[in-house]
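A.B. asks: Let's see this in three dimensions:
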Amino acid sequence: MSYSELYVKRIYQLCKKRGMSINKLSLMSGVSQSSIDNIVNGHTKNPGVQNLHKIAIAFNMTLAEFLDFKELNEYSFDDDNDNDN
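C.D. replies: This next block holds a predicted model:
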């Protein structure tokens, strides 16, 4: 799984856990629907910290909490298939 796929998976898991649609996430975070769609559809491989922070706040989390999950913590950049920096 690529680095960008990890936080997409995280977004979907948190939406499911909180009963929140991607549209509602957009409204609650203040991140445009098109930006959220581009992130979750893999068109945006490296979203900005500001957008990730806004998404975290919509989940009632700090950015650190949002990014603190097993798959990301165990990720090795040596195996990175995602060449977009």
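A.B. asks: Ranking helices and strands of this protein by mean pLDDT, which lands last?
C.D. replies: Among the helices and strands of the chain, helix 70-73 carries the lowest confidence by mean pLDDT, DSSP states H and E, at a mean of 92.
A.B. asks: The protein: helices as residue ranges?
C.D. replies: Taking DSSP state H, the helices of the chain run over residues 3-18, 22-29, 33-40, 49-58, 63-67, 70-73.
A.B. asks: in the first one, what counts as buried?
C.D. replies: Read that as helix 3-18. By 16 or more other CB atoms under 10 Å, the buried positions in helix 3-18 come out as 3, 4, 6, 7, 8, 10, 11, 14, 15. No exception for glycine: its C-beta is placed from N, CA and C like everyone else's.
A.B. asks: export these to TSV and tack on distance to residue 65 and pLDDT?
C.D. replies: Shown next, in TSV, are the buried residues of helix 3-18 (distance: CB to CB, whole Å; pLDDT from 0 to 100):
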residue	distance to residue 65	pLDDT
3	19	88
4	19	90
6	15	94
7	13	91
8	17	95
10	11	96
11	14	97
14	10	98
15	16	98
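A.B. asks: I'd say residue 45 and residue 4 touch.
C.D. replies: Yes: the pair residue 45 / residue 4 is scored as a contact, 4.4 Å apart, by CB atoms under 8 Å.
A.B. asks: got any ranges where this structure has weak pLDDT?
C.D. replies: 79-85 (pLDDT under 70).
A.B. asks: I'd assumed residue 52 was in contact with residue 67.
C.D. replies: Yes: the pair residue 67 / residue 52 is scored as a contact, 7.5 Å apart, by CB under 8 Å.
A.B. asks: shared neighbours of those two, which are they?
C.D. replies: residue 7 (CB atoms under 8 Å, 6 or more residues apart in numbering).
A.B. asks: number of nearby residues for residue 58?
C.D. replies: 23 (other CB atoms under 10 Å).
A.B. asks: Could you double-check that it sits in contact with residue 22?
C.D. replies: No: the criterion here is CB under 8 Å, and residue 58 misses it with residue 22 at 11.0 Å.
A.B. asks: Backbone dihedrals for residue 44, please?
C.D. replies: phi -100, psi 110 (degrees, to the nearest 10).
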